[in-house]
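Student: sharing a model that was predicted from the sequence below.
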Amino acid sequence: MGWSEYDQSPQTAGPSSYGSGFSAIGESEQSSSPETTPVASPETAAPIEEVAVRRRTLSNVSLRSTRSLSALSLSKVKVKFAGTKSPGNIARKLRFKKGDSTPDVHDARAVSPIVDTDLPGAAEIGRGSCFLPWARDLKGRTIPPQGTLVDIDVGLSGPIGTVSPLLRIGPPSELAILRSKGRSYSSPFPLSSSSPLDIIPVTQTDLSEPVRIKVPDYFDEYLPLELKLEVLKILVELHEAEHLRLVASERWTARKAARNRCVGAEKGMMDLLKLSRVSKAWHSLVYDGQLWARLPKLPPAVLAHVCKGAGGFVKQLELAGTPSLSSDLLTNMTEGLCIEAALPDELPHTRVTTINLQGCTALSTRSLHHLLIRSPFLETLCVKGLSAVTNTTCTILATYCPRLVSLDMSRCNNLDGEGIRSLASCTLLRCDTLRLKVLHLSRLKRVTDEMMQRLGKAAPDLEVLDLSHAGNLHNSAIEAFVSLTDEEAAEVNSVQLTAREAGRDPTDSSTYWRRVTRLRHLALSSCILLTDHACTHLAHAVPQLEFLELAGIGEDLRDTGLIRLLETTPFIKRLDLEDASEISDAVLAVLTPSAASSSPAPLRPYQPAPLPQPGHALEQLVISYAGHLTADALIALIHACPRLRILEADNTRMNSAVVRTFVERARERALPDPYLGAIDCPSVGENIVREVAAHARPRRGWRSWDARKLAFFDARDDEGLSTLGLGLGLGLEGAGAQDECDARRVVLKTFYSWQMVDRVRAAREKQRKAAGRRVANGSASSGGTLDLDAVGYAGMGRTRWWSPGGRRSGAGSAVLLDGGEGRDGCTIM
């Protein structure tokens, strides 16, 4: 048995990624067929087609290449050798049973070529192809190879014939693709490439870029939810603390305040909403209910979103000035704020304690009642000016809001005295009392004696009562509010008066009982049916009274009743007697404490000290149009009242001595924001205004966004208006001569001092026009730095609101308070 003379080198398998380069060993030689290529002998070898060698890099290695023969297990190798290319034993037996005595032409000694008969266009291939990438010549041999394949015992019964050439096949069929799927293995054979750079992978990134280091997110990954919420709370608190610190310093000016609308806690809330855009996690964190205990004025969409997620955490609804708040939105907000009731018979309720809906004019009665019924913990309610408030609202408050402490229902057109009477009656029917301490009922209609009587009984803890502009309020209603019977006097705190003390006939021997109330603030201004008899009824019934408003009553308010009332109010602080033209110096004498007010020592150790004199705590006094008051009485009052800082005496006999005395005392006592009104006082002339101008100012200015259109003059802004005082002829030096935001200066309201406001405006207008000319001529840079924001702070030169053609004021036009300063043509004194 001889071996082939072509090649004596051992045979090895080809790369695994291209399949094995040999035919199945152990298969019998098949007969010639038109579907297979005959075996080529060594002598008559068919010409081998040269195929270009492909470089094999790591970027084009097949991930699903055929498994190589050397990597198969022994059992799989045997299956490979005894494949389906030759008929099995069962097929031979079936043939012999049919009588076919022709021996099987297939012999195990012959090796059949590797070909897929299902694929058309198969052709022979030689060395150097993708199936045999090695460069050696592959020659037939007649001896078994000494490589890896011959060491495997395959159970061959005869010698191995010549190795058939490989075939290059066409596009594989789907069946062949499925058969070739297998695990990818790397090839152990050397590459055919001549350069080792072919194995360098191709990368899309620049190798020169720095390596990115992942910084750990301690806030999102490590902090618990409670600490995250605490951090956001502190963020809002820091904004508020920073604003307070800035206001206390000298860096906060009127111009800066006009540019910053959101400051303090409001700015913190806005920044908090901006943080919700960072990510979904921060969005849910920002809208957590624990951060929204107080719900400020926000856009309607944000309000609905906050209420939906906040739930029972919201305690305050500060929605004043939101006219776009609709009834449906308020109903949805109420449903979002409700929590489940503890008992099955109870309604879902909110935990809101404060509601402010002033200015929400789009609300309906149904939506308002829906909110009130589900607010059993409500303590403060402000529905001022809402037409949705009716008499039924009072009944709902008495039934569902028993903890109500402060109620403001002023200027509600659909509410009258009957609603307040039902509020008090429902409480008295339950043998209970109202917890109300603050009650504002301005412009209340149909005020009756019965309503006032039941209100006095149902609200014994009332401290603030506002009945101003109640046109039907009479003296008898005031008496009904404080009067008691003998039986009622035994149950409540009361005082017994004689007929003289009660303002009755002195010869009458009857006694009268008065309820001792806790009122500290009583507003009865513009109740035109009242007289000084109402003050007589209130005597001894309001010993803790601090603020009394009786403005607009007119000449019916006389000395008798006022003196009787003021003698029993030792803690009076603010008194408004505007238009009381018939009062005299006797009223001022009651308010003037004596100089030697040293109280005598008590006779017994446990005897209480006497009450202080009325006027010792007086801070504000309004006596405009009181023509009978003298200047001497005013000077004595100023000297005797150490806390007096506001004195309005327009159209009175005030003279220059009163102005000088008030300014001197205010400076000595260092009172904050002192005020002296002397408008239409003939005895106050230009000379005294010049004299005290160094310590006075024409208006009481403040630094905030709301005051931006009033254009207050602030010396901190350094506008460069250094000659303002010279225009008035005051001979002053420095821009701070008339600083309107200086709390140490006295606000002096006179005809002459008010001219300073117009002169400041004219100086600003002149400066603005000069700056505009410099900018137009291109010489602004040569003249130094020009602060356009400073010269345009007041918004001068804008279109007048009354001008139909939009004509701007020229240089020769009169100086007027136009809409550019936000005053809409009104003169603000």
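Tutor: On my side now, so go ahead. All of these numbers come straight from a predicted model, not from anything done at the bench.

Student: need the nearest residue in space to Asp680, chain neighbours excluded.
Tutor: Closest residue to Asp680 apart from its sequence neighbours, by CB to CB, 6 or more residues apart in numbering: Asn651 at 4.4 Å. Bear in mind the C-beta positions are built from the backbone N, C-alpha and C, glycine included.

Student: now the one you found: which helix or strand?
Tutor: Secondary-structure assignment from DSSP states H and E places Asn651 in no helical or strand segment.

Student: how close does it sit to Ala626?
Tutor: The gap separating Asn651 from Ala626 is 8 Å, by CB to CB, to the nearest Å.

Student: verify the contact between Trp282 and Leu273 for me.
Tutor: No - when contacts are counted by CB atoms under 8 Å, Trp282 is not listed as touching Leu273 (10.9 Å).

Student: now the common contact residues for those two.
Tutor: In terms of CB atoms under 8 Å, 6 or more residues apart in numbering, Trp282 and Leu273 are not both contacted by any residue.

Student: direction included, what does the helix or strand hosting Leu407 pair against?
Tutor: Taking DSSP H and E as the definition, Leu407 sits inside strand 406-408. Looking at strand 406-408 with DSSP bridges, its paired strands and their directions are strand 380-382 (parallel), strand 438-440 (parallel).

Student: which of the ones you listed is buried the deepest?
Tutor: For the strands paired with strand 406-408, ranked by mean neighbour count under the definition mean count of other CB atoms under 10 Å, the leader is strand 380-382 at a mean of 21.

Student: tell me the mean pLDDT for it?
Tutor: Across strand 380-382, the average pLDDT comes to 96.

Student: the spatially closest residue to His628 that is not a sequence neighbour and Gly503: what is the separation?
Tutor: Spatial nearest neighbour of His628, chain neighbours left out: Ser584 (4.7 Å); criterion: CB to CB, 6+ apart. As judged by CB to CB, Ser584 and Gly503 stand 19 Å apart.

Student: of those two, which one has the most company?
Tutor: In this view Ser584 and Gly503 are compared by other CB atoms under 10 Å, and Gly503 has more residues nearby, 19 against 16.

Student: residues near the residue nearest to Asp680, how many?
Tutor: Residues within reach of Asn651, counting by other CB under 10 Å, total 18.

Student: residue contacts, it?
Tutor: Contacts for Asn651 were tallied using CB under 8 Å, 6+ apart; they are Ser624, Tyr625, Gly627, Ile679, Asp680, Cys681.

Student: of those, which belong to helices?
Tutor: In helices, judged by DSSP state H, none of these are found.

Student: which of the residues you listed ranks first by neighbour count?
Tutor: Neighbour counts for the contacts of Asn651 peak at Cys681, which has 21 neighbours (criterion: other CB under 10 Å).

Student: gap between it and Arg700?
Tutor: From Cys681 over to Arg700 the distance is 19 Å, taken as CB to CB.

Student: over to Leu462?
Tutor: Going from Leu462 to Arg700 by CB to CB gives 32 Å.

Student: the two: who's more crowded?
Tutor: The neighbour count for Leu462 versus Arg700, taken as other CB under 10 Å, is higher for Leu462 (22 against 16).

Student: spit out the contact partners of that one.
Tutor: If a contact means CB under 8 Å, 6+ apart, then Leu462 has Leu436, Lys437, Val438, Leu439, Leu455, Thr517, Arg518, Leu519 as its contacts.

Student: mind putting those residues into JSON lines with secondary structure, pLDDT and distance to Tyr218?
Tutor: As requested, those are arranged in JSON lines below (DSSP: H, G, I helix; E, B strand; the rest coil; pLDDT from 0 to 100; distance: CB to CB, whole Å):
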{"residue": "Leu436", "secondary structure": "coil", "pLDDT": "95", "distance to Tyr218": "51"}
{"residue": "Lys437", "secondary structure": "coil", "pLDDT": "96", "distance to Tyr218": "48"}
{"residue": "Val438", "secondary structure": "strand", "pLDDT": "97", "distance to Tyr218": "48"}
{"residue": "Leu439", "secondary structure": "strand", "pLDDT": "97", "distance to Tyr218": "53"}
{"residue": "Leu455", "secondary structure": "helix", "pLDDT": "95", "distance to Tyr218": "60"}
{"residue": "Thr517", "secondary structure": "coil", "pLDDT": "95", "distance to Tyr218": "59"}
{"residue": "Arg518", "secondary structure": "coil", "pLDDT": "95", "distance to Tyr218": "55"}
{"residue": "Leu519", "secondary structure": "coil", "pLDDT": "96", "distance to Tyr218": "57"}
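
Student: apart from its chain neighbours, what residue comes closest to Leu246?
Tutor: Ranked by CB to CB, 6+ apart and with sequence neighbours excluded, the top spatial neighbour of Leu246 is Trp252, at 4.9 Å.

Student: correct me, but the one you found touches Arg703?
Tutor: Yes - using CB under 8 Å, Trp252 and Arg703 qualify as a contacting pair, with a distance of 5.9 Å.

Student: burial measure for Lys214, as a count.
Tutor: 5.

Student: oops, could you answer that again for Glu765 instead?
Tutor: Glu765 is flanked by 19 other residues according to other CB under 10 Å.

Student: would you mark the buried spots in the host helix or strand of it?
Tutor: For Glu765, the host element (DSSP H and E) is helix 755-777. Neighbour counts using 16 or more other CB atoms under 10 Å place Met756, Val757, Asp758, Arg759, Val760, Arg761, Ala763, Arg764, Glu765, Gln767, Arg768, Ala771 of helix 755-777 among the buried residues.

Student: which of those residues sits closest to Pro216?
Tutor: Closest to Pro216 out of the buried residues of helix 755-777 is Ala771 (53.7 Å), distances taken as CB to CB.

Student: so who does the closest residue in space to Leu538 that isn't next to it in sequence touch?
Tutor: Closest residue in space to Leu538, ignoring its immediate chain neighbours: Leu565 at 5.5 Å, by CB to CB, 6+ apart. Leu565 is in contact with Cys535, Thr536, Leu538, Ala539, Val542, Leu548, counting by CB under 8 Å, 6+ apart.

Student: and Leu565, what element?
Tutor: Here Leu565 sits within helix 559-566, counting by DSSP H and E.

Student: swap in Leu317?
Tutor: Using DSSP H and E, Leu317 maps to strand 316-318.

Student: after that strand, which helix or strand is next?
Tutor: Once strand 316-318 ends, the next helix or strand along the chain (criterion: DSSP H and E) is helix 327-337.

Student: got the buried residues for that next one?
Tutor: Applying a neighbour-count criterion of 16+ other CB under 10 Å, one finds Ser327, Leu329, Leu330, Thr331, Asn332, Met333, Thr334, Gly336, Leu337 buried in helix 327-337.

Student: tally up the residues packed near the closest residue in space to Thr353 that isn't next to it in sequence, please.
Tutor: Counting by CB to CB, 6+ apart, Glu379 is the residue found nearest to Thr353 once chain neighbours are left out, at 4.7 Å. Other residues lying near Glu379 total 18 when counted by other CB under 10 Å.

Student: mean confidence score for the strand holding Leu407?
Tutor: Strand 406-408 comes out with an average pLDDT of 97.

Student: now stretch 578-593
Tutor: The average pLDDT for stretch 578-593 rounds to 94.

Student: could you list the low-pLDDT ranges of the chain?
Tutor: In the prediction, the chain carries residues with pLDDT under 70 at positions 1-207, 596-609, 721-737, 779-829.

Student: with just CA atoms, put stretch 679-688 into PDB.
Tutor: Extracted as PDB, the C-alpha positions of stretch 679-688 are listed here (Å, rounded to 0.1, in the frame of the first residue of the first chain):
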ATOM      1  CA  ILE A 679     -52.400 120.300  54.900                       C
ATOM      2  CA  ASP A 680     -54.700 123.400  54.600                       C
ATOM      3  CA  CYS A 681     -53.400 124.900  57.800                       C
ATOM      4  CA  PRO A 682     -53.200 128.600  57.100                       C
ATOM      5  CA  SER A 683     -50.700 129.200  60.000                       C
ATOM      6  CA  VAL A 684     -48.100 126.800  58.600                       C
ATOM      7  CA  GLY A 685     -46.000 128.700  56.100                       C
ATOM      8  CA  GLU A 686     -43.000 128.200  53.900                       C
ATOM      9  CA  ASN A 687     -40.500 129.500  56.500                       C
ATOM     10  CA  ILE A 688     -41.200 126.700  58.900                       C
END
